[in-house]
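Enquirer: Give the three-dimensional model of this entry:
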Amino acid sequence: MMKNNPILLAAIDKIANETLAIIKTAKQIPQINNGQLDSYQHECEQIPIHIHDGCLKIAVVGVIKSGKSTFVNSLVGKELVQRGAGVITSITTRIRKGNKNRVRLFFKSWDQVNAQLQNALQLFPDIKPDIKLSGFNIEGFDIRREEDLKYLEQVYESLIHEFGLAHDEILPETVLIKNALQGFNLCKDQVQADESITCFLSKQFDQHKAYTSDPNRAFYIKDVCLDVYGKAIDPNIEIADCQGADSTDPAQLGQVLNYIESANLIVYCVSSRTGLRQSDIMFLKRIKHLGRIDNIIFVNNCDLSEHESLDDLIKIQTSIQDDLGFLNIAPRIFSFSVLYNLFMSQFPKLKRKDQARLELWQTEKKMVQYCDQNTREFSALFEQVVQKDSYRLLISNHVTRLEMITAQLDMQIKIALDLLSSEKSREDRASQKLEHLYQNASRLKAIVSNSFGGAMTDLVDQVQMNTKKIFEQDNQAILQDTQSFIKTIPIDVEKYRSVVKESGFNKILYLLFQDFKRALDIYVLDSVQPKLNQFIKSQESLITAYFNSLFDSYQIDLIEVDSTFQFESIQKNGQHQDVFTDSIDIEKIIRILGLKSPGTVFKANYTPKIKLNIFTDFGFHTLFDIVKAVFNKQDTISFTPGLNKSVLKIKQESSKRLYRQFKTYQSDVQSNYLTPLIDAAVRDFKEKINQRFNQYDSYKQEMNGYLLLEQSQKEEQKIKILAIKKRIHKVVKEINAIDEILPK
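Expert: Model (predicted):
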């Protein structure tokens, strides 16, 4: 199922290597050898590397228990990732083809671990522990210290026994602290001061399941990659088994959304037992905000034991289609059982219990036939989408580059042969003509050099103006809308009244803050981050278009058709092709630099001073109610006004911090992303534009070399160059043959 076209990839490799061999042969001829050939050689050497380093990303997503892990296993025909009852996938797991079975677990650093825990402990009330915590500061929290570890254990006990009174479910912060505590002894020897990698090889391969399916261990892991040996996985594809999309932890949700944003294809699994749930609707809206909804295929994962008939199964599929229609999604839905397909791929090795289940399902012939047909249709579409993106990412760009290199080589060969066939009088005129062209090129190079600084100033000004509009002028109302949202975040203080009576205001303040923070984090994921990501993408497009327009402006062919010598431009399909055509590959630059857009823009956090102000306001209100109750026995003490005042204070303090955080994010985007990107694009542009002008230096060197040759030497060189020309034309035919079958 996951077969790319190895023959085609091998053909590209072969053409690149043949072109490389031609270049190396040409470099042995002094009159042809020049700096341009070094550039061609480097590009041909890089093409096979880029082809095999290129990777299509496929995200397998859905809510908890929708069959994501089983789908991944069925897709590759192996039990690669843990599946079963309960929440199984605890961290996004990437799967690639490898030379051997290998697992790489990328562990967080201790600083990253402690930062997560500090965030979860913000505004947690003071505890009077059995141990002495003199001068304890949450900002300096370190789980490796025995004192801090005991503090965290007491926090967890308090969360479990006292804070559950106000919530119908366990707080995400409680789950995070539980995972950190229970995973500490399991992972403390693997976590280091810096990020580290633990590998499992060959027979140890399945040991990764103890980490990826265990949330306690997964807390300490940043990333997981499985390298799988064999033919099950295409070498240019990465499959990601993602966590359940209905997680209440914004950090986990953000991890899944980050992967989706970079994915070429999304497979969305829906359980036929439940159909599309509210959590599915919410997650699909988030995918839509990222602009990735067109890259999605839906799988209605059928539980064949749950459906009485084929009509019942089709009814569920129709219901899913109708629900997706309300989201303005034109769904491509395929109904089949991923577990049935997995069992079929493993039939000889199935356990007796699983064989019995498979045989029972096979008695439902109509449903099985329908699912088999859907499986075939899904496989065909999956292959079509993957192949199309593979050609674009891994092949088309490299074929185009090889076309240009061979065209430039052919042009140089034509000039060389023309010169070798000339008479002395024609050589003199050609020398004068080429000297004239060389002088023109030198003058144009000076013009480009002098005007380039101004051109770059225009681009930098444009990017800075756009950045100012979105951040300082807030022309997309990001800051304004966030502040408005904060004012309207619903926090029902009534449900906390019992907690205040039982445990005191400090603990209620923690609950209020965590509810508020979670709401703000989700809002940032849903509404703020997509806008900022779109802005960054728009600036990347602006930078690309700007440099490409400069290439067009400086695209002057100084070698004209001359009556003395025919410096012929390469013709393709009857159209003139500029052999100096170049462009900026912004995605390649981003990959090389390792650039990443900045993280979260808004984050709720508070200082002890802010906490004191909130506590003081609450105390004044509560004291006022107590005094009233003393003088009027009919009055009762109510904590509600004090709690409402605390909520208002939390919102006010957060709004004050938003502007500073927004400005910090602006500086981060400008200094650490857009500016380095422009600088790298400038270097790439200068290198490519200089290659154009250096071509004329090469022509002049070649001409001088030819003029010094005796006639016998000319004939000898001509034979060698004709052989090179023949090899070039053979390569051109091979490139054209590939070009004909590439998807347009």
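
Enquirer: Nearest the geometric middle of the chain, what residue?
Expert: Ser262 (3.0 Å; C-alpha atoms, centre = their mean).

Enquirer: what's the nearest residue to that residue if we skip its chain neighbours?
Expert: Lys57 (5.8 Å; C-beta to C-beta, 6 or more residues apart in numbering). C-beta coordinates here come from the backbone N, C-alpha and C atoms, glycine included.

Enquirer: ok, which stretches of the stretch 101-250 of the chain are helices?
Expert: Assigned by DSSP state H, counting those that start in this stretch, the stretch 101-250 of the chain shows helices spanning 110-120, 146-161, 172-187, 209-212, 215-218, 250-262.

Enquirer: ok, residues contacting the first one?
Expert: Think helix 110-120. Contacts to helix 110-120, defined as C-beta atoms under 8 Å, 6 or more residues apart in numbering, come from residues 138-139, 141-144, 152, 173, 176-177, 180, 191-193, 195, 219-220, 222, 251, 605.

Enquirer: Surely Lys730 is in a helix?
Expert: Yes - if the criterion is DSSP: H, G, I helix; E, B strand; the rest coil, then Lys730 is within a helix.

Enquirer: who touches it in this structure?
Expert: Residues near Lys730 by C-beta under 8 Å, 6+ apart: Glu18.

Enquirer: still on that earlier bit, so of the contacts of helix 110-120, which ones are in strands?
Expert: Among the contacts of helix 110-120, the members falling in strands (DSSP state E) are Lys222.

Enquirer: Can you say which of the contacts of helix 110-120 are buried?
Expert: 141, 143, 152, 173, 176-177, 180, 191, 219-220, 222 (16 or more other C-beta atoms under 10 Å).

Enquirer: By pLDDT, give me the weakest of those residues.
Expert: Lowest pLDDT of the buried ones among the contacts of helix 110-120: Glu173, 83.

Enquirer: distance of it from Trp110?
Expert: 20 Å (C-beta to C-beta, to the nearest Å).

Enquirer: One more: Phe471?
Expert: Distance from Phe471 to Trp110, by C-beta to C-beta: 33 Å.

Enquirer: about what we covered before: tell me which of the helices of the stretch 101-250 of the chain sits nearest to Cys44.
Expert: Closest of those to Cys44 is helix 250-262, at 28.6 Å (criterion: C-beta to C-beta).

Enquirer: Under a three-state scheme, what state does Ile29 occupy?
Expert: Of the three states, Ile29 takes coil under three-state DSSP.

Enquirer: Verify the stated contact: it with Gln717.
Expert: Yes - counting by C-beta atoms under 8 Å, Ile29 touches Gln717, with 6.4 Å between them.

Enquirer: quick one, which of those two is more surrounded?
Expert: For Ile29 and Gln717, the more surrounded residue by other C-beta atoms under 10 Å is Gln717, and the numbers stand at 21 against 16.

Enquirer: so which strand or helix has the more buried one?
Expert: Assigned by DSSP states H and E, Gln717 falls within helix 711-741.

Enquirer: rewinding a little: so Phe471 and Trp110 - more neighbours on which side?
Expert: Legend: neighbour count by other C-beta under 10 Å for Phe471 and Trp110, higher for Phe471 (22 against 17).

Enquirer: who touches the more buried one in this structure?
Expert: With contact taken as C-beta under 8 Å, 6+ apart, Phe471 is in contact with 662-663, 665-666, 669.

Enquirer: Return the backbone torsion pair for Tyr673.
Expert: Main-chain torsions, Tyr673, degrees, to the nearest 10: phi -130, psi -60.

Enquirer: Tell me the pLDDT of it.
Expert: Tyr673 is assigned 88 on the pLDDT scale.

Enquirer: isn't Phe97 right up against Asp234?
Expert: I think there's a mix-up here, since residue 97 is Lys and not Phe. Yes - the criterion here is C-beta under 8 Å, and Lys97 meets it with Asp234 at 6.6 Å.
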